[in-house]
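Enquirer: sequence and computational prediction follow.
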Amino acid sequence: MKARKEMVRMGTKIGATLGGIAFLIFGVLPGFYFGSYGSLIVLKHLMGGPVEPTVLVRMFMAVGILLGIVCAASMSIVIGSIIGTTLGYLVELITAPVETRKPTEAAAKTE
């Protein structure tokens, strides 16, 4: 039972690490773009038209970009963890013995 938990935990950690690496390779730029575009759309609707590049708008854009990057990172890490946990269960299922042999009561009494 303990080996099963360790196998699943290790799969979760490996999956989260690979998800973080995948985010660093493939997710930083889309997170930047989605965050900046989303905050620009929100500002456009709040101000009722084209957005002037003021200090407040630039600060809002920076927060939007950071939020987009953090959301993309958390999504990558969580999905990697879920995939790693699933693979940990599959590896444990494949490597576990089909039937654990327990001694019968008669055999236990004779010993």
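Expert: Perfect, thanks for sending it.
Enquirer: secondary structure element for residue 7, which one?
Expert: helix 2-22 (DSSP states H and E).
Enquirer: buried stuff in whichever helix or strand comes after that helix?
Expert: Sequence-wise, the next helix or strand downstream of helix 2-22 (DSSP H and E) is helix 28-47. For helix 28-47, the buried set under the neighbour-count rule, 16 or more other C-beta atoms under 10 Å, comprises 31, 32, 34, 35, 36, 39, 43. (Glycine included, C-beta is placed from N, CA and C.)
Enquirer: please name the nearest non-neighbouring residue to the fourth one.
Expert: If I follow you right, that is residue 35. Leaving aside its sequence neighbours, residue 35 sits nearest to residue 68 (C-beta to C-beta, 6 or more residues apart in numbering; 1.9 Å).
Enquirer: any idea how far that neighbour is from residue 12?
Expert: 26 Å (C-beta to C-beta, to the nearest Å).
Enquirer: list the buried residues in stretch 7-23.
Expert: Result for stretch 7-23 [16+ other C-beta under 10 Å]: buried residues 7, 8, 10, 11, 12, 14, 15, 16, 18, 19, 20, 23.
Enquirer: state the helix or strand in which the residue nearest to residue 35 lies.
Expert: Here residue 68, judged by DSSP H and E, is contained in helix 55-95.
Enquirer: same for that helix, what does it pack against?
Expert: Under the contact criterion of 3 or more C-beta pairs under 8 Å, 6 or more residues apart in numbering; DSSP states H and E, helix 55-95 touches helix 2-22, helix 28-47.
Enquirer: could you export the ones you listed as CSV, including distance to residue 73 and mean pLDDT?
Expert: Formatted as CSV, these follow (distance: least, C-beta to C-beta, whole Å; pLDDT from 0 to 100):
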stretch, distance to residue 73, mean pLDDT
helix 2-22, 7, 89
helix 28-47, 7, 92
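Enquirer: with distance to residue 91 added, can I get those in TSV?
Expert: As requested, the helices and strands packed on helix 55-95 are exported to TSV (distance: least, C-beta to C-beta, whole Å):
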stretch	distance to residue 91
helix 2-22	6
helix 28-47	31
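Enquirer: all set, thanks.
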